[in-house]
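In: A structural model of the following input is requested.
(one chain, ligands or ions: 1)
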Amino acid sequence: MKIHTTAVHAGDRKKPGPAVPTTTPISTATAFTYDKMEELDRIFGREVPGYSYSRYDSPTSAALEELTTALESGYGSLACASGMSALHIALLAALTDRRKSILAADALYGATVSLLMKVLEPMGVAVHFVDVCNLAAVEKAATEHKPGCILMETVSNPLLRVGPIAGLAAIAKAAGAALVVDNTFATPLLVRPLELGANIVAHSVTKYLAGHGDVLGGVAISDEAHLETMRSLSRIIGPVLGPFESYLTMRGMKTFPLRMERQCANACRVASWLASHPGIERVYFPADPAHPDAATIQQQFPQGLYGAIVSFELKGATRDEVFRFMDALKLVVRATSLGDVHTMMLYPVMSSHRELSPKHRERMGIRENLVRLSVGIEAVEDIIADIEQALKRY
Ligand SMILES: Cc1ncc(COP(=O)(O)O)c(C=O)c1O
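Out: Numbering: from 1, shown residues only. Predicted coordinates:
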């Protein structure tokens with residue numbers, strides 16, 4: 001063969017021998033070939049499982065999907081390019097063959113609110129917000145609006161409200177709606193919503209699951225009834241996660257329970273220290289016995305792990321003062337995102353909930369003096385010392 005042909009083919013398409021790699025390799029091929037057209041035909045026709053084209057399915061993402069399915073007690077999952085694309089596909093799958101109406105928690109991540117109001121509503125989906133911590137209010141809204149889907153976060157962003165998943169699943173079922181739960185903040189270490197009756201769970205794996213601040217990704221894990229719809233939609237729309245990101249996510253996830261345990265313990269210590277500090281007006285943390293959802297929290301998080309996000313308000317602080325306080329931090333990283341090994345602080349008004357109108361933020365209880373802390377795995381004394389010195393200096 002001529003050199004131009006050799007350059008294209010030599011060394012490629014080797015069948016693996018008997019050796020099995022001990023961890024999942026990064027498989028970058030976009031297309032897969034078989035000895036016989038007959039085989040490829042059966043795979044395209046989905047009569048037998050197999051890879052054909054990486055928008056449909058690919059080996060590294062499939063390994064990650066198996067892992068997330070096992071951790072969340074699902075029937076199957078779909079690895080997506082971001083948490084937002086996972087939520088988008090989950091909502092589309094939930095609404096297929098159902099009424100185009102969503103009952104959404106009134107406390108949600110800002111971009112999720114934007115997905116509802118700027119993407120789905122203009123396409124004819126009716127969106128109604130409700131306090132998912134109040135079952136009577138949800139039941140009333142379900143009777144009134146007849147939703148095709150109920151959407152909530154296990155622990156809401158950023159005020160850490162906790163709705164009763166099993167009760168909400170029962171309402172959804174009675175209403176013929178699907179319950180979609182964003183479990184990013186809690187992770188399957190704290191709670192597995194599918195075991196409590198939810199239909200689809202979405203994650204931003206960018207956060208605790210991958211955990212190292214170096215990969216953007218999402219996953220939607222579903223029950224049997226919704227998996228094929230989700231996969232069919234994904235084959236068309238193509239919001240899939242690339243192989244390198246799937247690999248990084250899997251690599252991170254091996255230590256996620258260890259990291260999460262440490263982060264939860266650190267967060268408890270930071271939250272109680274903040275609660276006793278005279279410069280702090282209010283601390284939001286699910287372990288607080290005075291938390292408005294304390295009864296649900298006790299039932300839903302029986303292991304005594306409450307997540308690793310602590311939100312708090314600086315006493316009487318203006319936006320400029322919050323900026324000065326955050327500028328004074330030396331260890332805690334001023335950045336959006338959460339769930340990484342390093343501790344991070346974010347100003348919701350400026351970032352996660354920036355797109356919402358001031359009125360909408362006010363309704364959600366997100367005030368100008370609120371900051372959100374994602375507690376990392378560092379020595380907790382160092383985290384507290386950094387916040388303490390910044391509180392003295394702003
Ligand atoms: C609760 C929650 N859900 C979803 C997302 C979106 O995830 P991603 O940024 O990976 O698209 C975020 C991002 O911050 C989040 O906090």
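
In: who's in contact with the residue in the chain positioned nearest to the ligand?
Out: Checking the chain residue by residue against the ligand with Cβ to the nearest ligand atom singles out Gly83 as nearest, at 2.4 Å. C-betas here are computed from N, CA, C, even on glycine. Gly83 sits next to Asp182, Thr184, Ala202, His203, Ser204, Val205, Thr206, Lys207, Gly217, Gly218 when contact means Cβ atoms under 8 Å, 6 or more residues apart in numbering.

In: Report the buried residues of the least confident helix or strand in the chain by mean pLDDT.
Out: Confidence across the helices and strands of the chain bottoms out at helix 358-364, with a mean of 86, counting by mean pLDDT, DSSP states H and E. Residues of helix 358-364 classed as buried by neighbour count (16 or more other Cβ atoms under 10 Å): His360, Arg361, Met364.

In: cool, and stretch 329-345?
Out: Counting neighbours by 16+ other Cβ under 10 Å, one finds that the buried residues in stretch 329-345 are Leu329, Val332, Ser337, Leu338, Gly339, Asp340, Val341, His342, Thr343, Met344, Met345.

In: how about TSV for those, with secondary structure, pLDDT and distance to Leu356 added?
Out: What follows is those, written out as TSV (DSSP: H, G, I helix; E, B strand; the rest coil; pLDDT from 0 to 100; distance: Cβ to Cβ, whole Å):
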residue	secondary structure	pLDDT	distance to Leu356
Leu329	coil	98	25
Val332	coil	98	25
Ser337	coil	93	18
Leu338	coil	97	18
Gly339	coil	98	22
Asp340	coil	98	24
Val341	coil	98	29
His342	coil	98	27
Thr343	coil	98	26
Met344	strand	98	21
Met345	strand	98	20
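
In: The stretch 151-300 of the chain against the ligand: which residues are in contact?
Out: Listed as neighbours of the ligand in the stretch 151-300 of the chain under the rule Cβ under 6 Å from any ligand atom: Glu153, Asn157, Asp182, Thr184, Phe185, Ser204, Thr206, Leu216, Gly218.

In: Which of these fall in strands?
Out: Cross-referencing these against strands under DSSP state E gives Glu153, Asp182, Ser204, Gly218.

In: Can you tell me the closest non-neighbouring residue to Cys264?
Out: If you skip the residues right next to it in sequence, Cys264 has Leu305 as its closest partner in space, 4.3 Å away by Cβ to Cβ, 6 or more residues apart in numbering.

In: go on, Gly148?
Out: Spatial nearest neighbour of Gly148, chain neighbours left out: Arg98 (3.2 Å); criterion: Cβ to Cβ, 6+ apart.

In: from the residues of the stretch 151-300 of the chain next to the ligand, which two are the most distant?
Out: Across these, the longest distance by Cβ to Cβ is 18.7 Å; it joins Glu153 and Leu216.

In: The two - which one has more neighbours?
Out: For Glu153 and Leu216, the more surrounded residue by other Cβ atoms under 10 Å is Glu153, and the numbers stand at 24 against 19.

In: how about the residue nearest to that one when sequence neighbours are not counted, what does it touch?
Out: On the basis of Cβ to Cβ, 6+ apart, the spatially nearest residue to Glu153 that is not a chain neighbour turns out to be Asp182, at 4.4 Å. For Asp182, the set of contacting residues under the criterion of Cβ under 8 Å, 6+ apart consists of 83, 87, 108-109, 112, 151-154, 201-204.

In: Including pLDDT, could those go into JSON lines?
Out: Output for these, formatted as JSON lines (pLDDT from 0 to 100):
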{"residue": "Gly83", "pLDDT": "98"}
{"residue": "Leu87", "pLDDT": "98"}
{"residue": "Leu108", "pLDDT": "91"}
{"residue": "Tyr109", "pLDDT": "92"}
{"residue": "Thr112", "pLDDT": "95"}
{"residue": "Leu151", "pLDDT": "98"}
{"residue": "Met152", "pLDDT": "98"}
{"residue": "Glu153", "pLDDT": "97"}
{"residue": "Thr154", "pLDDT": "98"}
{"residue": "Val201", "pLDDT": "98"}
{"residue": "Ala202", "pLDDT": "98"}
{"residue": "His203", "pLDDT": "98"}
{"residue": "Ser204", "pLDDT": "98"}
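
In: can you list contacts of the least confident helix or strand of the chain?
Out: Under the criterion Cβ under 8 Å, 6+ apart, residues Asp106, Ala107, Val113, Leu159, Pro348, Val349, His353, Leu356 lie in contact with helix 358-364.

In: If we use 6 Å, what do you get?
Out: Judged by Cβ atoms under 6 Å, 6 or more residues apart in numbering, the contacts made with helix 358-364 from elsewhere in the structure are Ala107, His353.

In: what are the C-alpha coordinates of that helix, in PDB please?
Out: The C-alpha trace of helix 358-364 is given here as PDB (Å, rounded to 0.1, in the frame of the first residue of the first chain):
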ATOM      1  CA  PRO A 358     -34.700  41.300  41.900                       C
ATOM      2  CA  LYS A 359     -38.400  40.700  42.600                       C
ATOM      3  CA  HIS A 360     -38.100  37.000  41.800                       C
ATOM      4  CA  ARG A 361     -34.900  36.700  44.000                       C
ATOM      5  CA  GLU A 362     -36.800  38.500  46.900                       C
ATOM      6  CA  ARG A 363     -39.600  36.000  46.600                       C
ATOM      7  CA  MET A 364     -37.100  33.200  46.800                       C
END
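
In: What is the subsequent helix or strand relative to that helix?
Out: Note on helix 358-364: by DSSP states H and E, the next helix or strand toward the C-terminus is strand 370-374.

In: And the helices in the stretch 251-394 of the chain, which stretches?
Out: Using DSSP state H, counting those that start in this stretch, the helices of the stretch 251-394 of the chain run over residues 256-275, 294-300, 319-327, 358-364, 380-393.

In: could you check the angle strand 370-374 makes with the longest one?
Out: Using axes from the mean of the first three to the mean of the last three Cα atoms, to 10 degrees, the inter-axis angle of helix 256-275 relative to strand 370-374 is 140 degrees.

In: Make TSV from the buried residues of helix 358-364 and add distance to Ala94 to it.
Out: Converted to TSV, the buried residues of helix 358-364 look like this (distance: Cβ to Cβ, whole Å):
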residue	distance to Ala94
His360	24
Arg361	27
Met364	23
